Every structure is written in structure tokens, then in C-alpha cells.
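1. Predicted model, plus sequence, below.
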Amino acid sequence: MSTDSVATPVAVPPGASPGTSAAAEPSSSSSATTTTPPTAAAQAIDLKRELLNQKIRNENRERKKRWREQNEDR
């Protein structure tokens, strides 16, 4: 009987209680290691996306302008 009680803790990861699953633990630990607040990260992503959109719009305007000028010459 003592061998059964010894075998059970081996399957449980260190620091985890027997009732928790090991799969749920990494997701909680990864969110705990995040140093930036989610709002700041979201704002940074939105800013980066907006700057990229502006760049693409400017490139499209220039390309359209060149296309119109070339068509006028024809």
C-alpha cells in the first residue's frame, strides 16, 4: 500500500496540487510573466497597424497618380 502512495506524487508536477491539470498551468504562468498591461500592448498594435495602413494608402495614391499621368500622355 505504501508503494501506491509513493507512485502518485511522481505523476504530479512539482508545485501543483493533485487536483489541477498540468495543461492548465502553462497558460496561467505565461500570463503572469507579462510585464506590459494588455491595454498598452493593444495600443501599440493598433498604432503599428495604423502607421502601416497610412503607408499603404500613400503608396496607392502615388501609384494611382502615376497611372493617371501615364494615361493622359496616351
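-> On my side now, so go ahead.
2. how many other residues sit next to residue 46?
-> Using other Cβ atoms under 10 Å, residue 46 has 10 neighbouring residues. Using the backbone N, CA and C atoms, a C-beta is placed for each residue, glycine as well.
3. Report the buried residues of the strand or helix carrying it.
-> Under the criterion of DSSP states H and E, residue 46 resides in helix 38-73. For helix 38-73, a neighbour-count test (16 or more other Cβ atoms under 10 Å) marks nothing as buried.
4. now for it, which elements pack on it?
-> The contact analysis (3 or more Cβ pairs under 8 Å, 6 or more residues apart in numbering; DSSP states H and E) places helix 38-73 against no helix or strand.
5. Quick one: mean pLDDT for that helix?
-> Across helix 38-73, the average pLDDT comes to 95.
6. I'd like the numbering to begin with 146 instead of 1 from here.
-> Noted, 146 is the first residue going forward, which turns the last one into helix 183-218.
7. got a list of what residue 189 touches?
-> Applying Cβ atoms under 8 Å, 6 or more residues apart in numbering to residue 189 gives no contacts.
8. For it, give its distance to residue 213.
-> Noted for residue 189: a distance of 37 Å to residue 213, by Cβ to Cβ, to the nearest Å.
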